[in-house]
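Asker: Make a model of this:
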Amino acid sequence: MSERQPFFRFNPGAYQEGRAFEPSDETCGVCAQPCGWKYRGNIYMRADSPTICACCIADGRLGALLEGEGFSFHDVELDGADPALEQELLERTPGVACFNPFEWPVLDSMPMAFLGYGEDKGLLAIDAVRSAISETFAEIGWTEPVGPSPYLLVFKEVNGDRYRAVLDLD
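Answerer: Numbering: from 1, shown residues only. This next block holds a predicted model:
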């Protein structure tokens, strides 16, 4: 099995267990090579989604294969992002498991990087993450978070230390 793991700056933890990829020798429907890392998330498109490897997501081969048919790895709103970065996120970054469409945070025209969910104890140990979660709850009128929650998506600025949390209620 191939160990090739391209890096996704807007989803740096994509290879963590239970996230976007799983090890697989299955043949990629785009490059016809063993996947190595098979994408296990949704591809929002009109036709049936092919089996796809991490490398074909990262280098945009799926988009070339579909020739402008229109697809996305995310069901999100992306306001204020540089168009090239928006395309990178939507078409060359593995999706994030969520219950509903949500607004992907953007700072200074750059989409933020998805780090994980609000039940991740490592993330909750970061003061700035806890502050971002508190701000998100305050925006909807909740004064105190009820503790770790899989309904929170945590994001970090790609080249900085600002964090945001998005609430994705079921």
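
Asker: so L152 touches Y163, yeah?
Answerer: No - the pair L152 / Y163 is not scored as a contact, 11.3 Å apart, by Cβ atoms under 8 Å. C-beta: built from backbone N, CA, C; applies to glycine.

Asker: packing partners for the helix or strand of the chain at the bottom of the mean pLDDT ranking?
Answerer: One helix or strand of the chain scores below all others by mean pLDDT, DSSP states H and E: helix 61-66, with a mean of 83. Under the contact criterion of 3 or more Cβ pairs under 8 Å, 6 or more residues apart in numbering; DSSP states H and E, helix 61-66 touches helix 83-92.

Asker: which other helices and strands contact the helix it packs on?
Answerer: If contacts are counted by 3+ Cβ pairs under 8 Å, 6+ apart, helix 83-92 sits against helix 61-66, strand 110-111.

Asker: Nearest to F7, out of those?
Answerer: Nearest of these to F7, taken as Cβ to Cβ: strand 110-111 at 15.1 Å.

Asker: Where does the prediction get shaky in the chain?
Answerer: Applying pLDDT under 70 to the chain picks out residues 1-3, 68, 144-147, 170.

Asker: Helices along that one, start to end?
Answerer: Applying DSSP state H to the chain gives helices spanning 54-58, 61-66, 83-92, 121-124, 127-139.

Asker: how distant is the second one from the center of its chain?
Answerer: Translated: helix 61-66. Averaged C-alpha coordinates place helix 61-66 at 19 Å from its chain's average position (Cα atoms, centre = their mean, to the nearest Å).

Asker: Just the CA atoms of that helix, as CSV, please.
Answerer: Provided in CSV are the C-alpha atoms of helix 61-66 (Å, rounded to 0.1, in the frame of the first residue of the first chain):
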residue,chain,number,x,y,z
ARG,A,61,-7.0,15.5,-11.1
LEU,A,62,-10.6,14.9,-10.1
GLY,A,63,-11.5,18.4,-11.4
ALA,A,64,-9.6,17.7,-14.6
LEU,A,65,-11.5,14.4,-15.1
LEU,A,66,-14.9,16.1,-14.5
